[in-house]
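>>> structure of the sequence below:
(chains A, B and C)
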Amino acid sequence: MFFELFPASVVEQAPVLVVAIPLLSALVISIVGVVNQKYVLPLTILSMAGSLIASLITLQRVIEHGPISYHLGSWIPPIGIEYFVDHLNAPVLVLIAAVSFLTAIYSKDVIRSEVPDKIPSYYVIYTLLVTGLLGITITGDAFNLYVLLEVAALAAYGLIALRGGRAYMATFNYIIMGTIGAGFYLLGVGYLFIKTGSLNMLDIGQILPAIYSGNAVLVAFILVMLGMWIKMAFFPLHGWLPNAYTYAPTATSCLVAPLMTKVSVYVMIRIMFTIFSADFAFNVLKWHNIIVWWAVIAIVSGSLFALAQRNLKKMLSYIIVSEIGYMVGGIWLANRDGITGATYHIFSDAMMTLCLFMAVGCICYKAKDCSFENMRWVFRRMPVTMAAFIVGAFSMIGIPPTCGFFSKWFLLSGAIKADHWGFALALIFSSLINAVLFFRLFEIGYFGKLRESKEGQEPSHHHQPKISVKEAPLSMVVPLVVVAMSLIFLGLYTNEIVTNLIDFVIPKGLMDVGS
Amino acid sequence: MEWVIAKYNYFIYIILMMIGLWAMIGKNNLVKKVIGMSIFQTAIILFYISVGTKRGSTIPILEHGHAEAANAAESIINAADYANPLTQILMLTAIVVGVSTLGVALAVIQKIFKEYGTVEEDEILEQIR
Amino acid sequence: MQSTVSVMPLIVVLISALAAIPISMSGRYPNLREFWTLLAASAKFLLVASMVPWILAGNTYELTLFQVLPGLAIAFKVDAFGILFALVASSLWIVTSAYSIGYMRGLKEHAQTRYFCFFALSLSATLGVAFASNLLTLYIFYEFLSLSTYPLVTHHQDEEARSGGRKYLTFLLGTSIGFVLPAMLITYAMTGTLSFSGEGIFADKAAGFPLWILLLMFLFGFAKAGIMPFHSWLPAAMVAPTPVSALLHAVAVVKVGVFCIVRIITGVFGLDLLAAQNLNSIIVYIAGFTVIVASLIALSQDNLKRRLAFSTIGQLSYIVMAVGLTSGKGVIGGMVHIAMHAFGKITLFFCAGAIFVATGKKYVSEMVGIGKRMPITMLAFFFGSLSVIGLPPGGGLISKWYMVLGALEADKIPILVFYLISSLLNAAYFLPIAYKAFFCTPEESMFENKIDEAPLWCLVPLAVTALCSIVLFFYPQPFFNLAKLAVGI
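Take a look at the predicted model:
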């Protein structure tokens, strides 16, 4: 019903348009940027909107007609490159397009204050990053995925470094770690290529089962996984993430923090279930127990690191490290609920990370830096921002009916059904730590004091400072509010998402696997 | 020992890769880290290329194909004479990726040098603290 | 027995949340703002009351909002027990609103708009709990109540409020996330449903040790019920303005905790299963311990509000204990006690607040002879205490009588001793206050012999609630009929 609005040719070509629109507009923007800076942002927003529409059309086609295979340049796979869209990556495409669309709007004012002299180049790299992410998600070719992984990574390096100052050193570490990660992935793909002679994911997936017992396949799997774990900052490979996300320009954090790691999680799922299979990952390897315990360590240590931070963005970055543990652990629980929870968490975590980073961005925009100090009296200064921040925080803590609760619900139920009490306890522990983290901030915002101080015993409420409302500009607040509301809607429509999309992701015959 | 010699290309790439990794992680100088990164990437490229070659084969470019169609015997293209073109093409792309990564890394190092006046990691960390 | 799909429960739940919008917008005009509050409160009560006849005829209202998980929805179902609680909460909101106006204006408190706003929101959450048709919906509104009452508890925004508020949230969120959430998931994994049902959803699906653990997780998880050792948030939360303490910590919040536990006992585990597995003795002895200890602590408290808080902890466990007996009369007594205790305890809190507004006194030892200055208040206090202790003519006697009958019916004689001892203790910590207020030598008296009551907005509500608790002694039928219906007798 949605795509009936568009001509058949657009619908037919939608999968490639998702990627082509931002790619081509990157070129256009770089030219237009030289002529007139004014048109750069509208063009960016327009291209993101185009990509969003194309991805929505694709999603609807997938829901109604099943997976789409699009052959680039009409070359038949496995020789040609294939875009393969199924129930797993169609919603991820929509997620990427939506997040980048909202962040583009959000960036209008904040970029002007943070990198005023490089606006055209910022948006060129921005669109390239989005291209890379969309490409990673849509492609059905293992090597193509590597190239786009690096396109996205290179763009991310640029976007982070533009802030200057400490961002340079953070970027450098990110480059080193990112290259190692991509290198491992490439190497793993090389081994797969040796064994199968193919680079098409579906094709490899069909050839592999006969040779699962070979050492080369095992090495390939380990290398590819290791590469993706570095890219997604799975503890203890997370070293590059906190600084890179903290010192990046606000709009970059808002784009990169929700998407980069989550797309890597998607790639992990794709590798595990399409290139390899659930049978290989869970039955042949029998490692899932160890990896879930590793995820437990990731969750707990991510939470504890977050607790030690005194910078808003850095705290959120460590929460991401802990959330990555949720997703990796959920997948490797090797049962239906665990995988459902982890997949659903890709979406909910992306949206709530976005919400929190946007809200923190608003606070930092007004205060010019991100220390906890700036939270003082923030409820009175920025009531709308804080309302959205509260929704995001509740989602992180896992308070219904926000989406964070439901992903936690599935993950916990997966842990319980797998009898993995360590993982269940870690999830609850991290929820409680998140509650502490956010309510500590709310206390500062509400009581106007950083620490408990015993002076001033008389009730201070009679002479509280007069503070007037000073919100961030509308261009920042409106996307923020939209994201915050989406958290609740995502939560309320969990059942639709799970039955229409995620149920198709669960590998068949999983119930017998791993038990 | 024979096992090693039979697969010498793999061992060379692994050694190169380890050198690269060690430089990336262990070296203090940022430029040396970047050199390590380059070695690391080159090792992977070497691996792919060595996988694609066959004994006695040449680069996969047709030297005497259609032009001399009259000479039927020579116009037969024997796949065994050529290295696997796919890996070579893949590595062309990988080289491009590697070069751009190198470019970005060097640019960042330049900026770091301007910011801190040094490219030694420990000195920079001291300044940040 | 008939059930209709109706939007009534949704309207009733939402009406106060929606009222928060005009309340927050008319912050500059206090009279208009208070008008909205009172309007919403009356509308809410009338709507709840209008549902009663249909429920009394043995029917229910149902409404499914969102199918959030397979086989699990955010849904409402209004049954007899739900409406009983809704009736108590919504009727007391009216009086409390009136009282709040007097109290907040009398003390010239800051941020009154925020106060009334969150008050309205927390009432929505309370009614949501009352009408929840399954554990998930119950949990959502339970959490929402904890969070929406936080700004009320910490209203003063000073150091004391901060530490009180911190304790409040730590206990409530910690237990609900730490115990209830996993318990809920385990229940769902074991039974495949979370909807409350008359027979309980565990019937012939689980037995022995897992049930044992689950019961404890639920019992301690709903920390709003104040079962020891998870009770200490309640005295800490007494930093709140008195009307908040009154409605939320004598009525809404704590009773929501008890309500949840009763729902768990009757709707999830089922009375028969608990009795058959001998799990009822766990509940009874844990609650009995709390009853005695809380009463003893209350005896030693000098701060009046803290004394009331500990008394509340004890009284809450009465209810849990009575329902835990799993005998029909005990359950009826427990359910009715929710109402009886609410009216009695809110009177006491109102009195404490009125004393604070009029004289600034917080401590029992400073209240000698106060009856000469505030006779109406202290008379109300006296009747309130009678009801809470369980002496005629207080409504509390009737519910306590049923609870004792329940103990006999369940053949648990030690429980009788618990009830007896704690009633004596109740009398020991309440009656001296009222006695000393009136009967003391002129030298002992700390107040002048001149009548000077709190503002009328404070005085009328407390007189009304005191009267109510006397009236309930003579006409307890509405609540009794509902409770009987809920138990199915």
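>>> residue 29: neighbouring residues, count only.
By default, I'm working from chain A. Counted with other CB atoms under 10 Å in any protein chain shown, the neighbours of residue A:29 add up to 26. Placement of C-beta: from N, CA and C, glycine included.
>>> if you could check chain B rather than the one you did, that'd help
Counted by other CB under 10 Å, the residues lying close to residue B:29 total 15.
>>> separation between residue A:385 and chain B?
For residue A:385, the distance to chain B (CB to the nearest CB, to the nearest Å) stands at 30 Å.
>>> so that residue is in contact with residue A:363, correct?
Yes: using CB atoms under 8 Å, residue A:385 is in contact with residue A:363, at 6.6 Å.
>>> where does chain A dip in pLDDT?
For chain A, the stretches with pLDDT under 70 are A:1-3, A:450-466, A:509-515.
>>> now with 50, please.
Along chain A, segments meeting pLDDT under 50 span A:454-462, A:512-515.
>>> chain B: helices as residue ranges?
B:2-6, B:8-26, B:30-52, B:72-75, B:85-116, B:121-128 (DSSP state H).
>>> try the stretch 151-300 of chain A
Remark: helices assigned in the stretch 151-300 of chain A by DSSP state H, counting those that start in this stretch are A:166-196, A:201-207, A:215-232, A:241-247, A:250-270, A:278, A:288-307.
>>> residue in the stretch 1-150 of chain C nearest to chain B?
Nearest residue of the stretch 1-150 of chain C to chain B, counting by CB to the nearest CB: residue C:150, 38.4 Å away.
>>> wait, doesn't that residue sit right on residue C:166?
No: contact between residue C:150 and residue C:166 fails when scored by CB under 8 Å: they sit 9.8 Å apart.
>>> where in chain B is pLDDT low?
Ranges of chain B meeting pLDDT under 50: none found.
>>> quick check, residue A:189 in contact with residue A:200.
No: with contact defined as CB under 8 Å, residue A:189 does not reach residue A:200; the gap is 11.5 Å.
>>> shared neighbours of the two, which are they?
Residues touching both residue A:189 and residue A:200 (CB atoms under 8 Å, 6 or more residues apart in numbering or on different chains) are residue A:142.
>>> what strands line up against the top strand by length along chain C, and which way round?
Of all segments of type strand in chain C, defined using DSSP state E, the longest is strand C:60-69. Strand C:60-69 has the following strand partners under DSSP bridges: strand C:3-5 (parallel), strand C:72-78 (antiparallel).
>>> which residues touch the last one?
Counting contacts by CB under 8 Å, 6+ apart, the residues outside strand C:72-78 that touch it are A:401, A:492, C:3, C:8-10, C:13, C:51, C:55, C:60-68, C:86, C:128, C:131-134, C:136-137, C:140, C:188, C:193-196.
>>> one more time with 7 Å
A:401, C:9-10, C:51, C:55, C:60-68, C:131-134, C:136-137, C:140, C:194 (CB atoms under 7 Å, 6 or more residues apart in numbering or on different chains).
>>> stretch A:407-426 now?
By CB under 7 Å, 6+ apart, the residues outside stretch A:407-426 that reach it are A:292-293, A:295-296, A:299-300, A:326, A:329-330, A:333-335, A:337-338, A:340-342, A:344-345, A:348, A:398, A:427, A:431, C:69, C:182, C:185-186, C:188-189.
>>> which of those residues fall within strands?
The strands, defined by DSSP E, take in residue C:69 from the contacts of stretch A:407-426.
>>> next SSE after the helix or strand hosting residue C:128?
In this assignment (DSSP states H and E), residue C:128 forms part of helix C:112-131. For helix C:112-131, the succeeding helix or strand toward the C-terminus, using DSSP H and E, is helix C:135-153.
>>> would you mind writing the CA trace of that following helix as PDB?
Presented in PDB, the C-alpha positions along helix C:135-153 are these (Å, rounded to 0.1, in the frame of the first residue of the first chain):
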ATOM      1  CA  LEU C 135       1.200  -9.500  35.500                       C
ATOM      2  CA  LEU C 136       2.900  -7.500  32.700                       C
ATOM      3  CA  THR C 137       0.400  -4.700  32.800                       C
ATOM      4  CA  LEU C 138       0.600  -4.700  36.600                       C
ATOM      5  CA  TYR C 139       4.400  -4.500  36.400                       C
ATOM      6  CA  ILE C 140       4.300  -1.600  33.900                       C
ATOM      7  CA  PHE C 141       2.000   0.500  36.200                       C
ATOM      8  CA  TYR C 142       3.900  -0.600  39.300                       C
ATOM      9  CA  GLU C 143       7.100   0.800  37.900                       C
ATOM     10  CA  PHE C 144       5.400   3.900  36.600                       C
ATOM     11  CA  LEU C 145       4.100   4.500  40.100                       C
ATOM     12  CA  SER C 146       7.500   4.300  41.600                       C
ATOM     13  CA  LEU C 147       8.900   6.800  39.100                       C
ATOM     14  CA  SER C 148       6.100   9.300  39.100                       C
ATOM     15  CA  THR C 149       6.100   9.500  42.900                       C
ATOM     16  CA  TYR C 150       9.800  10.200  43.000                       C
ATOM     17  CA  PRO C 151       9.400  14.000  42.400                       C
ATOM     18  CA  LEU C 152       6.700  14.000  45.100                       C
ATOM     19  CA  VAL C 153       8.900  12.300  47.700                       C
END
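>>> tally up the residues packed near the residue in chain B that chain C sits nearest to, please.
The minimum distance from chain B to chain C, using CB to the nearest CB, falls at residue B:129 (32.9 Å). Neighbour count of residue B:129, defined by other CB under 10 Å: 5.
>>> so what's residue C:195 up against?
C:133, C:134.
>>> for residue B:30, see how far away it is.
Relative to residue B:30, residue C:195 is positioned 62 Å away (CB to CB, to the nearest Å).
>>> which residue is the nearest non-sequential neighbour of residue C:240?
Of all residues not flanking residue C:240 in the chain, residue C:153 sits nearest, at 4.6 Å (CB to CB, 6 or more residues apart in numbering or on different chains).
>>> same question but for residue A:256, I mixed them up
Residue A:256 sits nearest to residue A:156 (CB to CB, 6+ apart), 5.5 Å away.
>>> give the contact list for that neighbour.
Counting by CB under 7 Å, 6+ apart, residue A:156 makes contact with A:129, A:256, A:260.
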